[in-house]
Every structure is written in C-alpha cells, then in structure tokens.
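Novice: my questions concern the predicted model and sequence given below.
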Amino acid sequence: MYRILICEDETSIRTFLKINFERSGFAVYETDTGEEAVRIAGLEKPDVAILDVMLPGIDGFEVLRRIREENTKIGVIMLTARGQDTDRITGLKGGADDYIIKPFNPTELILRTQALLRRINEKTEREEEKVIRTFCFELDNYSQTISKDSKEIVLTPKEFLLMKIFMENPGKAFTRDDLLNLVWGYDFTGDPKIVDVNVRRLRSKIEDDPSEPKYIETIWGTGYRWKKE
C-alpha cells in the first residue's frame, strides 16, 4: 500500500482528497500546516507528498525544500490556487515532480499521483540494476566502483570484473577456465594461473583475513565461488 501525505489548510479540500485517495487504496497522512508536514514526512516516510503552496507558517516551497533535504526519492506534487508561471517554475526548480492548479479534478490528481509512482518505481528499478549489494559490499556498475562498509576498494579492471561475476552469481561454482574465458577472453594465450593470482590479490583487498577467506570460497579441484548470503 502506497503512503501519501496531504498538506492542505482548507479542511474541505483536505478531507475530500483523503476520502478519494483512501478509496484508491492509499494510506493517507494529513495535516494543515507545513511544520507538521515536515515532521510527518521525516517520521512516516511517505511515497508521495501533496503540498499546498499557501500555508500558515512555512509555505509549501519551504516544506518541499526541507523534505527534499531528508528524502530525495519522495514524489512531490504542488497544489496552488495561483496560476502564475513563476510559482510553477519555483516549485519545479525546488524539486517538485508535478504541479496542479486549483480548482482541479480529484480523479486527475489521483491519476497523476499513480503515474508519478510508476516513474519513481521504474527509476528505482533501473538504479537497483546498476548496484549489486551482498554482505557488506556494494558494487556500482555505473561508476565501476566497489565499496566495503561504505569505503571504496581500489581494484584493477580485471579484479573489478571478477568481483562483478562473483557478486552477480552468489553460490555458483566457477572453474578456472570459466573465469579465464569470462575475464580474459577465449583467445587468451597466457598462463591460466593468472586466475589464481588475481583471486589471491582480490582476497588481499576484500577479505578480513585473506588466509581464511569468508567471501571468495575455494572449490578444491574446481575453482571458486562467492559465498551465498
């Protein structure tokens, strides 16, 4: 169930939106002040916030700024009774995802919210495809970096590729020939022991105790595998 925060100081509009979003399957948090909206956003971590621009106390733009400081992934739709382009530009520059002007059709707002959630989910899925996490390691395919406990490990391109193969296939046993072909290519004519040399170097960089590896396991007589979490 998606969670939505509605910050609107007009009780009739806020209640109407609450009823319609609940009917559409949302869990709704509501408030009539910007300060409370910031508090709820930090506590409940809603998926989307609908913010009225004109609020008592801090306005919707300030709420947007404070929410964005804490949560870059939350979807934000701004509501306003004013139609000036400057308001729309201010909101969008501040990090709002969409803008709707009062009076509006509640069905349109719900559809826009659902469309925004689809975009957020698609973006999250793409980002997750770029990042592999296992144990205390994180491999970022976009930046070609690997970190352990949030500290980057400096690897050679071949070591990075070995780690990528291992982390993408936890529990899978690879023969030395498998790794040689995947990392160095089928036409490699050098010493096949290069696989063992690079695994040894990799262990020296990622293992707490390379003499007793916890992550890259040796399969005697076969090759290596990444321990399944």
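Specialist: It's in.
Novice: in which helix or strand would I find residue 64?
Specialist: Mapping residue 64 onto the secondary structure by DSSP states H and E places it in helix 60-70.
Novice: what's that helix packed up against?
Specialist: Contacts of helix 60-70 with other secondary structure elements, assessed using 3 or more C-beta pairs under 8 Å, 6 or more residues apart in numbering; DSSP states H and E, are made with helix 34-44, strand 48-52, strand 75-80, helix 85-93. Placement of C-beta: from N, CA and C, glycine included.
Novice: nearest to residue 185, out of these?
Specialist: Ranking the helices and strands packed on helix 60-70 by distance to residue 185, with C-beta to C-beta as the measure, places strand 75-80 first at 44.5 Å.
Novice: what does the average pLDDT come to for that closest one?
Specialist: In this model, strand 75-80 has a mean pLDDT of 91.
Novice: and for stretch 2-11?
Specialist: Over the span of stretch 2-11, the pLDDT mean works out to 95.
Novice: buried residues in that stretch?
Specialist: Buried residues in stretch 2-11, counted by 16 or more other C-beta atoms under 10 Å: 2-9.
Novice: again, but for stretch 10-25
Specialist: By neighbour count, and taking 16+ other C-beta under 10 Å as the criterion, the buried residues in stretch 10-25 are 13-14, 17-18, 21, 24.
Novice: point out where the chain drops to low pLDDT.
Specialist: When residues are selected by pLDDT under 70, those of the chain lie in 82-85, 87-88, 124-129.
Novice: that one: helices as residue ranges?
Specialist: Using DSSP state H, the helices of the chain run over residues 11-23, 34-44, 60-70, 85-93, 106-130, 157-168, 176-179, 194-206.
Novice: to residue 138, which of these lies closest?
Specialist: Closest to residue 138 of these, according to C-beta to C-beta: helix 157-168, at 9.3 Å.
Novice: export that closest one to PDB, keeping only CA atoms.
Specialist: Once side chains and other backbone atoms are set aside, the C-alpha atoms of helix 157-168 remain, and they are given as PDB (Å, rounded to 0.1, in the frame of the first residue of the first chain):
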ATOM      1  CA  PRO A 157      39.800  -3.600 -14.100                       C
ATOM      2  CA  LYS A 158      40.300  -7.400 -14.100                       C
ATOM      3  CA  GLU A 159      39.700  -7.600 -10.300                       C
ATOM      4  CA  PHE A 160      36.500  -5.500 -10.700                       C
ATOM      5  CA  LEU A 161      35.300  -7.800 -13.400                       C
ATOM      6  CA  LEU A 162      36.000 -10.900 -11.200                       C
ATOM      7  CA  MET A 163      34.100  -9.300  -8.300                       C
ATOM      8  CA  LYS A 164      31.200  -8.500 -10.600                       C
ATOM      9  CA  ILE A 165      31.000 -12.100 -11.800                       C
ATOM     10  CA  PHE A 166      31.200 -13.400  -8.200                       C
ATOM     11  CA  MET A 167      28.600 -10.900  -6.800                       C
ATOM     12  CA  GLU A 168      26.100 -11.400  -9.600                       C
END
